[in-house]
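In: Provide a 3D model corresponding to the input given below.
(chains A and B)
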Amino acid sequence: MRVIRIVEAYVGEYASGKSEVAINRALELVRTGKPVTLVDLDLVEPCYTLRPIKKELMAQGIKVLAWETRGTVGFGETGNILRAEIPWALKRPGHIVFDVGYGVGGARTLELVAGIDREPSFQVLAVINTRRPMTGTVADIVEYVRNLAPVHGLINNTHLGDETPADAVQEGARTVSEAGRRLGIPVVATTVVAEVADSIGPVDCEHNPVRVLRRYMPRAFW
Amino acid sequence: MTGLSESTSANRPAARAGSSATIPVPGEKRVFMTGNEVVAWAAIAARADIMYGYPITPQNEVMHYWTRLAPKFGKEFLQTEDELAAGFTTIGGVLAGKKAFTATAGPGNILMQEPASMAEMMRLPVVVVIMQRGGPSTATVIYSQQEVILTTFGGNGEGFRIVYSTSGLQELYDYTIKAFNTAWRYRFPVFVLADGYQAKMREPLTIYDPLARGMELVPPEQYVGRPGMPGVDRPPGHYRNTYNTEEELYEILQGHVQEYERVAPEIMEHESLETEDADLLIIAHGVVGRAAKQAVEQLREEGLKVGCFRPVTLRPLSAGALRDAVSRAKRILVVESAYGQLGKLVRDALCGLVVEMFSLYKPGVGVTPEEVVIRSKELIA
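Out: Below is the predicted model:
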């Protein structure tokens, strides 16, 4: 059987953890030995991008398509211009992970990627933190994800930064799973930092697989 | 980064009718938010009626989130053509008896000073949230504490205004709610002075419904269009920002001075840490106050007698409390992300005291606890 490559785009609410989840996914995939490209497609929010940690990720074997801060000097407030190589990312071999800007505006940016409508395994995954008030309830999540359409799966990334208790993650798992049932799409994973993951185990209370996160984004401001 | 990026109805008044939700935050919830969002939620929680605004980084998401929340809670929004208009329409909202607010930064704050002066003159309870960015001029969209003098004493006038400087997202929530109360209780313009770091940073906080906590929310009142015959059933509402003679202005301003001086002690707030026996007193405000507090904790662990005084109200400044703390110290160290703006306020408040004053001024750049520790050790050695 031909193994289809993984092509995933992480979308969602402002500060929901899209970049963190995308980075960790790329690192997980690179350990399989296949080439992995991580694409910074965030044209919405110029503050938190992959730029400052690009070299660190490249050193771990990921091909990162992103600006470096010095390359954007002079752009001023417009500081976000699509790098010419990004629309052609799908021509590259191996797995491709897109880190997309927030909201509907961010999700629409995917239209700029050539061939994305013909990519057989393309998955759009919405990252949800139920402790973000705009996506705090099942109804809010359902409404929000419908606006982002198309979305193929949900990621429960519920956390409270450095103060995350395991029961908040589990509560998030229940809320996101119920939203997934109403939307008719699966919860692909619950993502959680290692300190908390130990007390949850390999699956959460809804039997969604747990992906362990290492946090890179606290260092990624500008 | 300007403009509205998503799901905003920039020029369309939000739906007034049909909103079902009236309780903005049912009970209390521990959440993970950015500062700009916090301001929008707090304004909803304070039962603000309308926001007027013009986009400028780093405050844009205050507008983004307000416009997302507004239809759910029957609130309104008007995007104006610039910050002058945003400030004056906020005044218009207040005159109509609405809890009105606006938010801006940097060059927008400069334009906001003309309406702010009018609000001072007419004693109007406008609420303005400032997310300081680098200056002078356009400078950076990121961060500074360089709008302290502008926000406390900007405009042509005497600084009859209240300025709260917050140091994190919980305070941003608490003081945004408080700002509406202070404004409507005392009828002076109120500023919540934060910065680009607080605007964009993410941290946990507890959001709550102030009424569920038993807090009072001071109700707004109409200035214009009140019932009854003016001059017969009620005094005529004559709100002036223009006077014919010097004496007339002088008399009015004397009233403002007396009222401001009278209420100032009720409004002043500060935070102090380990000031009782401190040989070195660090003075810092806002997010830099946070770095200063962490530095004090570390220095105390090393047995060094260092304390911190953090004014929460930069205007009116808690001068008495500051003088008390300083009079016990041998040296003071003023730390800020500006070149001596807090320093100016501090010198003014300390006039007549003899104390050695040192500084760690980093205009437009953040200050870390480590830097404060190093500078403090230089001064203690």
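
In: could you use CA atoms for every contact and neighbour count after this?
Out: OK.

In: give me the pLDDT for A:R108.
Out: What the model reports as pLDDT for A:R108 is 88.

In: count of residues packed around it?
Out: By other CA atoms under 10 Å in any protein chain shown, the residues close to A:R108 number 15.

In: that one is in what secondary structure piece?
Out: helix A:103-108 (DSSP states H and E).

In: what's that helix packed up against?
Out: Contacts defined by 3 or more CA pairs under 8 Å, 6 or more residues apart in numbering or on different chains; DSSP states H and E place helix A:103-108 against strand A:7-12, helix A:138-148.

In: taking strand A:7-12 as reference, get the angle to the last one.
Out: Just to be clear, that refers to helix A:138-148. 130 degrees (axes from the mean of the first three to the mean of the last three CA atoms, to 10 degrees).

In: name the residues that touch the helix or strand just after helix A:138-148?
Out: Per DSSP H and E, the first helix or strand lying C-terminal to helix A:138-148 is strand A:153-156. Contacts made with strand A:153-156 from outside it, assessed by CA atoms under 8 Å, 6 or more residues apart in numbering or on different chains, are listed as A:123-130, A:169, A:172-173, A:176, A:180, A:185-191.

In: these in strands, which ones?
Out: By the criterion of DSSP state E, membership of the contacts of strand A:153-156 in strands covers A:Q123, A:V124, A:L125, A:A126, A:V127, A:I128, A:V187, A:V188, A:A189, A:T190, A:T191.

In: mind listing what's buried along the helix or strand of chain A with the lowest mean pLDDT?
Out: Across the helices and strands of chain A, mean pLDDT, DSSP states H and E gives its lowest value to helix A:103-108, namely a mean of 85. Residues of helix A:103-108 classed as buried: A:G103, A:V104, A:G105, A:G106, A:A107 (neighbour count, 16 or more other CA atoms under 10 Å in any protein chain shown).

In: hang on, the earlier thing: with only the CA atoms kept, save the helix holding A:R108 in CSV.
Out: Extracted C-alpha coordinates of helix A:103-108, given in CSV (Å, rounded to 0.1, in the frame of the first residue of the first chain):
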residue,chain,number,x,y,z
GLY,A,103,-9.4,33.1,12.5
VAL,A,104,-11.2,33.1,9.3
GLY,A,105,-8.6,35.5,7.8
GLY,A,106,-5.9,33.1,8.6
ALA,A,107,-7.7,30.1,7.3
ARG,A,108,-8.3,31.8,3.9
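
In: how far does it sit from its chain's centre?
Out: 13 Å (CA atoms, centre = their mean, to the nearest Å).

In: go on, stretch B:276-296?
Out: 20 Å.

In: report the buried residues of that stretch.
Out: Buried residues in stretch B:276-296 (16+ other CA under 10 Å): B:276, B:278-296.

In: and whichever strand or helix holds A:V64, what does it pack against?
Out: Per DSSP H and E: A:V64 is located in strand A:63-65. Judged by 3+ CA pairs under 8 Å, 6+ apart, the packing partners of strand A:63-65 are strand A:36-41, helix A:54-59.

In: what ranges of chain B fall below the confidence cut-off?
Out: B:1-25 (pLDDT under 70).

In: how's it carved up into domains?
Out: Chain B breaks down by automatic domain parsing into domains covering B:28-208, B:271-380.

In: so what's B:Y175 up against?
Out: B:Y164, B:T166, B:V192.

In: whoops, B:L124 was the one
Out: B:I91, B:V94, B:L95, B:A183, B:R187, B:F188, B:P189.

In: give me that answer again for 6 Å
Out: By CA atoms under 6 Å, 6 or more residues apart in numbering or on different chains, the contact set of B:L124 is B:R187, B:F188.

In: surely it forms part of a strand?
Out: No: applying DSSP: H, G, I helix; E, B strand; the rest coil, one finds B:L124 to be coil, outside a strand.

In: for B:L217, which non-adjacent residue is spatially closest?
Out: Sequence neighbours aside, B:N181 is the residue nearest to B:L217 in space, at 6.1 Å (criterion: CA to CA, 6 or more residues apart in numbering or on different chains).

In: and the gap between that neighbour and chain A?
Out: 24 Å (CA to the nearest CA, to the nearest Å).

In: wait, that residue sits on B:E216?
Out: No: between B:N181 and B:E216 there is no contact under CA atoms under 6 Å: 8.2 Å.

In: which of the two has more residues huddled nearby?
Out: B:N181 (22 against 12).

In: helix/strand/coil for the more buried one?
Out: B:N181 - assigned by three-state DSSP - is helix.

In: got the contact list for whichever residue of the stretch 101-250 of chain B sits closest to chain A?
Out: Residue nearest to chain A within the stretch 101-250 of chain B: B:P204 (5.5 Å; CA to the nearest CA). Taking CA under 6 Å, 6+ apart as the criterion, B:P204 is in contact with A:L160, B:V31, B:F32.

In: and for B:E158?
Out: B:E158 touches nothing, counting by CA under 6 Å, 6+ apart.

In: what number of residues lie near residue 176?
Out: No chain was given, so I picked chain A. Neighbours around A:V176, by other CA under 10 Å: 31.

In: wait, chain B was what I had in mind.
Out: Neighbours of B:T176 (other CA under 10 Å): 30.

In: columns mean pLDDT, distance to A:S199 and mean neighbour count on top of the helices and strands packed on helix A:103-108, output as JSON lines?
Out: Output for the helices and strands packed on helix A:103-108, formatted as JSON lines (pLDDT from 0 to 100; distance: least, CA to CA, whole Å; neighbours: other CA atoms under 10 Å in any protein chain shown):
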{"stretch": "strand A:7-12", "mean pLDDT": "96", "distance to A:S199": "26", "mean neighbour count": "26"}
{"stretch": "helix A:138-148", "mean pLDDT": "95", "distance to A:S199": "25", "mean neighbour count": "18"}
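
In: the residue of the stretch 101-250 of chain B closest to chain A falls within a helix, correct?
Out: No: in this structure, B:P204 is strand, not part of a helix, as judged by three-state DSSP.

In: which residue packs closest to it, ignoring adjacent ones?
Out: Distances taken as CA to CA, 6+ apart put B:F32 closest to B:P204, at 4.4 Å, once the chain neighbours are dropped.
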